[in-house]
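**Q** got a predicted structure here, sequence first:
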Amino acid sequence: MEVAARIAAVMDSKGWSKRDLQKVMGASPAKVRRWLSGTENFTLDLLVHLEAVLGIKLLTKSF
C-alpha cells in the first residue's frame, strides 16, 4: 500500500488523473485501479517504468 500511496501522491502533485497514468503507461483502466488500490503486486519492471514516467524513486535500498 505504501508504494500505491506514493504513486497517488505524485500523481496528485502533477495534476494527473488515473486516465493520464493509464495513457503514459499503456495500461487498462482496471490495471491502474488495482495499482492505486494496492491490490496488484508490482513487478520490478513495472516499478522501474513507473519511476521513469513519474520522475521519482520508488525502489530504495535499506538494510
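**A** All right, it came through fine.

**Q** when you work out contacts or count neighbours from here on, use the C-alpha atoms and nothing else.
**A** Will do.

**Q** could you give the mean pLDDT of the helix of greatest length in the chain?
**A** The longest helix of the chain (DSSP state H) is helix 2-14. Mean pLDDT, helix 2-14: 94.

**Q** for it, packing partners?
**A** helix 29-37 (3 or more Cα pairs under 8 Å, 6 or more residues apart in numbering; DSSP states H and E).

**Q** need the contact partners of the helix it packs on.
**A** Identification of contacts with helix 29-37 by Cα atoms under 8 Å, 6 or more residues apart in numbering yields 1, 4-5, 7-8, 18-19, 21-22, 40-42.

**Q** relative to helix 2-14, how tilted is that helix?
**A** Angle, helix 29-37 to helix 2-14, by axes from the mean of the first three to the mean of the last three Cα atoms, to 10 degrees: 110 degrees.

**Q** which elements pack onto the helix or strand following helix 29-37?
**A** Using DSSP states H and E, the helix or strand that follows helix 29-37 in sequence is helix 44-54. If contacts are counted by 3+ Cα pairs under 8 Å, 6+ apart, helix 44-54 sits against helix 18-25.

**Q** check which residues of the helix it packs on are buried.
**A** For helix 18-25, a neighbour-count test (16 or more other Cα atoms under 10 Å) marks 21-22 as buried.

**Q** for the residue lying closest to R19 once chain neighbours are set aside, give me the pLDDT.
**A** What sits nearest to R19 in space, not counting adjacent residues and going by Cα to Cα, 6 or more residues apart in numbering, is P29, at 7.1 Å. Per-residue pLDDT puts P29 at 96.

**Q** again with F63
**A** Reported pLDDT for F63: 63.

**Q** what does L59 give?
**A** Model confidence at L59 (pLDDT) stands at 81.

**Q** I'd guessed it sits against L47; true?
**A** Yes: with contact defined as Cα atoms under 8 Å, L59 counts as touching L47 (7.4 Å).

**Q** quick one: which of the two has more around it?
**A** L47 (15 against 11; other Cα atoms under 10 Å).
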